[in-house]
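Engineer: Pasting a predicted model and its sequence here:
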Amino acid sequence: MAKAIMIQGTMSNAGKSLLCAGLCRIFMQDGYKVAPFKAQNMALNSFITEEGLEMGRAQVMQAEAAGIKPSVLMNPVLLKPTNDTGSQVIVNGEVRGNMSAREYFAYKPRLVEDVMKAYNQLAEENDIIVIEGAGSPVEINLKAEDGFVNMGMAKLAKAPVLLVGDIDRGGVFAQLIGTAMLLDEDEKPYLKGLIINKFRGDKTILDPGIPMLEERSGVPVVGVAPYLNIEVEDEDSLTERFSGSQEVGIIDIAVIRIPRISNFTDFNPFESMEGVSLRYVRHVSELKNPDMIILPGTKNTMEDLLWMRQNGMETAILKAASQGKIIFGVCGGYQMLGDTLSDPLGVEVGGSINGMGLIPMDTVFEEGKTRTRVTGTFGQVTGPLKELSGEYLEGYEIHMGTTTLKEGAEPMTTIEDFVAKSGQTADGAQAANVYGTYVHGVFDKEGVAKAVITAIAREKGIDASEITGVDFQAFKETQYDILAASLREHFDMERIYRILEEGMPE
């Protein structure tokens, strides 16, 4: 069986996912067969495996860092929030249903068998398992329900724990010492190391505090990780991308930050392109005058459309469309662009509402969930994005509902279901300067992102020759190597390997 090590955090967004990815890369580089694992993930960013199963994107990112294919074994339980008090529960890549928080807590003990079956299979196939916790291990209102999330999972896997604190938010000493103190007595032996994350500046200023931290907590500090500006995919809506720069570039793309935004990693390729600004906007005042407006995926299409309708964002988008601006919808954002949205079975909120009316089409939500990987090409694209014609694409679909095009709308792509091998089908739609697709990851291929930027530049009458696209997958490989090199420099890897080797006593 594999050796295991677990990364837990003092809070959400302390950097657990990234550090797990970095350790996966280091262990892989050192010749070990390594896999990531997170028993329960709560996120709206998800991914479809080659088998057509759904899992969290954080473990996909970590699998990439480990040099292996993503598997639902790495994330057996995925919770996708549908509202403030409930989530869609996905187990082993399949939907089990929607549950309120109380319903899920009552149901959760039944999932221990699923979690351990997935973990044990990974452990049989690998040398090292890097386990990620969730949130904080000492939230008093959640500790009784831990089960297999933080220290509960550490006990099940007999995994030593490294605790991460975020110094960038302030109070890191209180974070780490307080968390260590609040652990139950039978949990404290699992805590083997502390990590200070996201440190900026001269580390020597921090050095005098390290002995005090170790003395007060009784746990050694195994690393002080710097604040890293690298481009890998974030786990959830706490991403710093949303609070990033609103500075407008030569070519400006605005993504509408709807309340239940999902799979916003679809747009990461644009961030690495020189001269291109990708801004997430929540209010009409932030929209400004972008060259392209993107409506992203959402866990609740109808409610997020109503949100835009109420705060004036829909009116602003309709005005931009009438002025010839490029409007592009992905998945739920694509569904919003049509004439009607109907939910006869109450899959979302029930009833029917009018869409934005930018593409002649109707969407009906159904109980069945489409989950598949696809490959394909853009057909004869018309309007301002005609440069997309013939470009190859890869991606995946995760959606409820079927969309039917009407007169005046033409399909945009031809795709093939990678899972079902059911032959080629039409996808998406285009009407004048408005485009939409169900395919997540549609911009990941270098040719697609570059064609979009080239088309916008042509519309603006500017030279796009110096704005180059990148192979996003190859780009990410370089980022994982940079991450690993930085952690090697700032972590005591000899001590971490010793902690890993010693494990926990039987």
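Structural biologist: All right, it came through fine.
Engineer: Low-confidence regions, this structure specifically.
Structural biologist: 234-241, 243-245, 418-421, 466-471 (pLDDT under 70).
Engineer: What residues of the longest helix anywhere in it count as buried?
Structural biologist: The helix that spans the most residues within the chain, counting by DSSP state H, is helix 472-490. Neighbour counts over helix 472-490 (16 or more other CB atoms under 10 Å) mark F472, F475, K476, Q479, Y480, I482, L483, A484, L487, H490 as buried. The C-beta positions use only the backbone N, C-alpha and C, and glycine is treated the same way.
Engineer: try stretch 348-363
Structural biologist: Neighbour-count burial for stretch 348-363, with 16+ other CB under 10 Å as criterion, is recorded at E348, V349, I353, G355, M356, L358, I359, P360, M361, D362, T363.
Engineer: Then stretch 192-203?
Structural biologist: Quick answer for stretch 192-203 (16+ other CB under 10 Å): K192, G193, L194, I195, I196, N197, K198, F199.
Engineer: ok, of those residues, which one's closest to F328?
Structural biologist: K198 (33.2 Å; CB to CB).
Engineer: what residues are up against the residue nearest to the closest one when sequence neighbours are not counted?
Structural biologist: The shortest distance from K198 to any non-neighbouring residue, by CB to CB, 6 or more residues apart in numbering, is to D168 (3.9 Å). Contact analysis of D168 by CB atoms under 8 Å, 6 or more residues apart in numbering lists N197, K198, F199, R200, Y227.
Engineer: swap in A123?
Structural biologist: A123 neighbours (CB under 8 Å, 6+ apart): M1, A2, A4, I129, A157.
Engineer: wait, doesn't I258 sit right on Q310?
Structural biologist: No: the pair I258 / Q310 is not scored as a contact, 11.9 Å apart, by CB atoms under 8 Å.
Engineer: Redo the contacts of D168 as TSV? Include secondary structure and distance to G218.
Structural biologist: Below are the contacts of D168 laid out as TSV (DSSP: H, G, I helix; E, B strand; the rest coil; distance: CB to CB, whole Å):
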residue	secondary structure	distance to G218
N197	strand	20
K198	strand	24
F199	strand	22
R200	coil	28
Y227	coil	27
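Engineer: Quick check: the farthest pair among those residues?
Structural biologist: Going by CB to CB, the pair spanning the contacts of D168 furthest: N197 and R200, at 11.1 Å.
Engineer: follow-up on the earlier one: tell me the helices and strands packed up against the next helix or strand after the longest helix of the chain.
Structural biologist: Next in sequence after helix 472-490, counting helices and strands by DSSP states H and E, comes helix 493-502. In terms of contacts (3 or more CB pairs under 8 Å, 6 or more residues apart in numbering; DSSP states H and E), helix 493-502 is packed against strand 3-9, strand 191-199, strand 221-226.
Engineer: Let me know which of these is the nearest to Y107.
Structural biologist: Between the helices and strands packed on helix 493-502, strand 3-9 lies closest to Y107; by CB to CB that is 23.7 Å.
Engineer: And for that closest one, what's in contact with it?
Structural biologist: Contacting residues not belonging to strand 3-9 are listed as 15-16, 19-20, 23, 123, 127-133, 135-137, 150-151, 153-154, 157-166, 190, 195, 496, 499-501, 503 [CB under 8 Å, 6+ apart].
Engineer: picking that back up, and the buried residues of helix 472-490, which is closest to G390?
Structural biologist: Closest to G390, out of all of these and judged by CB to CB, is F472, at 19.5 Å.
Engineer: OK, contacts around that closest one?
Structural biologist: F472 neighbours (CB under 8 Å, 6+ apart): N268, P269, S272, D444, K445, E446, A449.
Engineer: What of P81?
Structural biologist: Counting by CB under 8 Å, 6+ apart, P81 has contacts M42, L44, S87, R260, K299.
Engineer: What's opposite it in the beta bridge?
Structural biologist: S87 (DSSP bridges).
Engineer: and the longest strand seen in the chain, what other elements does it pack with?
Structural biologist: Ordering each strand of the chain by length in residues (DSSP state E) puts strand 361-378 first. Where contact means 3+ CB pairs under 8 Å, 6+ apart, strand 361-378 is packed against strand 46-48, strand 340-343, strand 392-405, strand 413-417, strand 424-427.
Engineer: Quick check: which of those strands is buried the most?
Structural biologist: Mean neighbours per residue, mean count of other CB atoms under 10 Å, is largest over the helices and strands packed on strand 361-378 for strand 46-48, with a mean of 26.
Engineer: same for that strand, what does it pack against?
Structural biologist: Other helices and strands packing on strand 46-48, by 3+ CB pairs under 8 Å, 6+ apart, are strand 54-56, helix 57-66, strand 361-378, strand 392-405.
Engineer: Could you dump these into a markdown table with distance to P76 added?
Structural biologist: As requested, the helices and strands packed on strand 46-48 are exported to a markdown table (distance: least, CB to CB, whole Å):
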| stretch | distance to P76 |
| --- | --- |
| strand 54-56 | 9 |
| helix 57-66 | 10 |
| strand 361-378 | 16 |
| strand 392-405 | 17 |
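Engineer: Relative to the whole chain's centre, how far out is stretch 27-43?
Structural biologist: Averaged C-alpha coordinates place stretch 27-43 at 16 Å from its chain's average position (CA atoms, centre = their mean, to the nearest Å).
Engineer: got the buried residues for it?
Structural biologist: 27-29, 32, 34-43.
Engineer: Check stretch 66-86 too.
Structural biologist: Result for stretch 66-86 [16+ other CB under 10 Å]: buried residues 66, 68, 70-82, 86.
Engineer: okay, now the closest residue to I250 other than its chain neighbours: neighbour count?
Structural biologist: Leaving aside its sequence neighbours, I250 sits nearest to G275 (CB to CB, 6+ apart; 4.1 Å). Using other CB atoms under 10 Å, G275 has 15 other residues around it.
Engineer: hang on, isn't G275 packed against V248?
Structural biologist: No: at 10.9 Å, G275 and V248 do not qualify as touching, with contact defined as CB under 8 Å.
Engineer: can you tell me which helix or strand A316 belongs to?
Structural biologist: helix 313-322.
Engineer: do the same with G152
Structural biologist: Assigned by DSSP H and E, G152 falls within helix 151-157.
Engineer: CA atoms only for that helix, dumped as PDB, please.
Structural biologist: Taking Å, rounded to 0.1, in the frame of the first residue of the first chain, the C-alpha atoms of helix 151-157 are listed here in PDB:
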ATOM      1  CA  MET A 151      -8.700  14.500  10.700                       C
ATOM      2  CA  GLY A 152     -11.300  11.900  10.000                       C
ATOM      3  CA  MET A 153      -9.600  11.100   6.700                       C
ATOM      4  CA  ALA A 154      -6.200  11.300   8.300                       C
ATOM      5  CA  LYS A 155      -7.200   8.600  10.700                       C
ATOM      6  CA  LEU A 156      -8.700   6.400   8.000                       C
ATOM      7  CA  ALA A 157      -5.600   6.600   5.900                       C
END
